[in-house]
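Asks: turn this into a structure:
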Amino acid sequence: MKNIYFIGECMIELRATVPSTLHQSFAGDVYNSAVYLKRCFPQITTSVITALGEDNLSKKMRERFASEQLNTDYVFAHSSKVPGMYYIETDELGERSFIYWRDDSAAKKVVEFISPELVKQLSSGDMFFFSGISLAVIEEQARAQFWDIVKQLKAAGVKIVFDPNYRARLWDNVEQTKAQYHSAFSLADITLPGVEDLETLYNVQSVEAVIDYLAPYNINEIIVKNGPDSVITKEANTVQSHSITPVKNVVDTTSAGDAFNGVYLGARLDGRPISEAVKLGAQAAGAVIQQPGAIAPKDVFQQAMAKSGL
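Replies: Residues are numbered from 1 along each chain as shown. Okay, here's the model as predicted:
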């Protein structure tokens, strides 16, 4: 049985539904990806590695993980920290804006819980996924230990997967970000950048420029997401362009990239070719952006994905 580990942060999501009323749910980039992967490929063991608190919302978050059939063996409880929280608003085009409260987030401490014995357990996995947000949330003094863990997993044959997912407000400065991303690209077997992320950091303004920028790194599989327009993939020396059918009814673009990532990786773990994995990932993203919030209702999402035969 294939398995994948997602390390990062899940947060409490607050979203206005009607005036003076908030809907509360749970979301975070790596968690979102894990959910959509598991919904489409239930045969793949999908684990979240994170730290929560010991409060009631942390308990409910863990229960939500379990309700999505995610493995919670690596969801740790910090004695004094709590989950981060954010409030989201969307405009008439479905574009989102956020307000965050994450200074006391337990997820910042997740590396403290990863013992040598746990690294040995993780070394039997097929994929290990982290994002730019995962990196930014980890405390600066713990990043050296994090990279040591990643190197051990890669040496054991685990495929390292990195999505840059750049959020400027989480970093002290651009130089710090670039140093961490250099380490990530150097170790990655698969990377899933968006043009927008790398344009901000490296002034690369096209899919082709992204491919060229990443060429010096030894990354076997590069999947470049160019918003609703297209996806370009490079495997070994083969570059392919994949057209995307745009969605007309865009409600909320939150987690579109996360849904793509999860379903794409699930398809690859399931042995499907890149072209099919891109098609399924794009279909998942299209289904998600037609619903409010990061996590679409399970029945609605699965009905949309059933058209692909999943």
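Asks: what about Ala209, which SS state?
Replies: The three-state label given to Ala209 by DSSP: H, G, I helix; E, B strand; the rest coil is helix.
Asks: give me the buried positions along stretch 174-181.
Replies: Within stretch 174-181, the residues scored as buried using 16 or more other Cβ atoms under 10 Å are Thr177, Gln180, Tyr181. Where C-beta positions appear, they are placed from N, C-alpha and C, glycine not excepted.
Asks: name the nearest residue to the second one, sequence neighbours excluded.
Replies: Distances taken as Cβ to Cβ, 6 or more residues apart in numbering put Leu135 closest to Gln180, at 5.1 Å, once the chain neighbours are dropped.
Asks: and for Asn220?
Replies: Asp189 (5.4 Å).
Asks: next, find the distance separating the one you found from Met1.
Replies: In this view, Asp189 and Met1 are 20 Å apart by Cβ to Cβ, to the nearest Å.
Asks: assumed Val231 was part of a strand.
Replies: Yes. Counting by three-state DSSP, Val231 falls inside a strand.
Asks: quick one: it and Leu280 touch, right?
Replies: No. Using Cβ atoms under 8 Å, Val231 is not in contact with Leu280; the gap is 11.5 Å.
Asks: give me the number of residues near the residue lying closest to Lys298 once chain neighbours are set aside?
Replies: For Lys298, ignoring the flanking residues on the chain, the nearest one in space by Cβ to Cβ, 6+ apart is Arg39 at 6.5 Å. For Arg39, the neighbour count with other Cβ atoms under 10 Å is 23.
Asks: list of residues touching the helix or strand harbouring Arg64?
Replies: For Arg64, the host element (DSSP states H and E) is helix 56-67. Outside helix 56-67, the residues that touch it by Cβ atoms under 8 Å, 6 or more residues apart in numbering are Cys10, Ile12, Phe26, Tyr31, Val48, Leu52, Thr72, Val75, Ala77, Val82, Pro83, Ala106.
Asks: now intersect those with the helices, please.
Replies: Assignment to helices by DSSP state H places the following of these there: Tyr31.
Asks: who's in contact with Pro246?
Replies: Per Cβ under 8 Å, 6+ apart, neighbours of Pro246: Pro228.
Asks: in three-state terms, label it for me.
Replies: Pro246 is classified as coil under three-state DSSP.
Asks: so how far is Pro228 from it?
Replies: From Pro246 to Pro228 the distance is 5 Å (Cβ to Cβ).
Asks: quick one, what contacts the residue nearest to Ile12 when sequence neighbours are not counted?
Replies: Closest residue to Ile12 apart from its sequence neighbours, by Cβ to Cβ, 6+ apart: Met85 at 4.2 Å. Residues in contact with Met85 (Cβ under 8 Å, 6+ apart) are Met11, Ile12, Glu13, Leu14, Tyr100, Trp101, Arg102.
Asks: so the last one is in contact with Gly84, correct?
Replies: Just to be clear, that refers to Arg102. Yes. At 3.2 Å, Arg102 counts as touching Gly84 under the criterion of Cβ under 8 Å.
Asks: now do the shared contacts for the two.
Replies: Counting by Cβ under 8 Å, 6+ apart, the residues touching both Arg102 and Gly84 are Glu9, Met11.
Asks: picking that back up, and Asp189 and Met1? Which one has more around it.
Replies: The neighbour comparison of Asp189 against Met1 (other Cβ under 10 Å) goes to Asp189, with 16 against 6.
Asks: what's the spacing between that one and Lys151?
Replies: Applying Cβ to Cβ to Asp189 and Lys151 gives a distance of 13 Å.
Asks: can you report how many residues lie near Ala168?
Replies: For Ala168, using other Cβ under 10 Å, the count is 11.
Asks: excluding chain neighbours, what is closest to it?
Replies: Thr200 (7.2 Å).
Asks: could I get the phi/psi values of the one you found?
Replies: For Thr200, the backbone dihedrals (degrees, to the nearest 10) come out as phi -60, psi -40.
Asks: double-check it against Asn165; I have them as touching.
Replies: No. Thr200 is not in contact with Asn165 according to Cβ under 8 Å; the separation is 11.5 Å.
Asks: neighbour count winner among the two?
Replies: Asn165 (23 against 15).
Asks: wouldn't that one be in contact with Phe129 here?
Replies: No. Asn165 is beyond contact range of Phe129, at 11.0 Å (criterion: Cβ under 8 Å).
Asks: pull up the overlap in contacts between the two.
Replies: In contact with both Asn165 and Phe129: no residue, using Cβ under 8 Å, 6+ apart.
Asks: all strands of the stretch 101-250 of the chain, in order?
Replies: 127-131, 159-163, 190-191, 221-226, 230-235, 238-243 (DSSP state E, counting those that start in this stretch).
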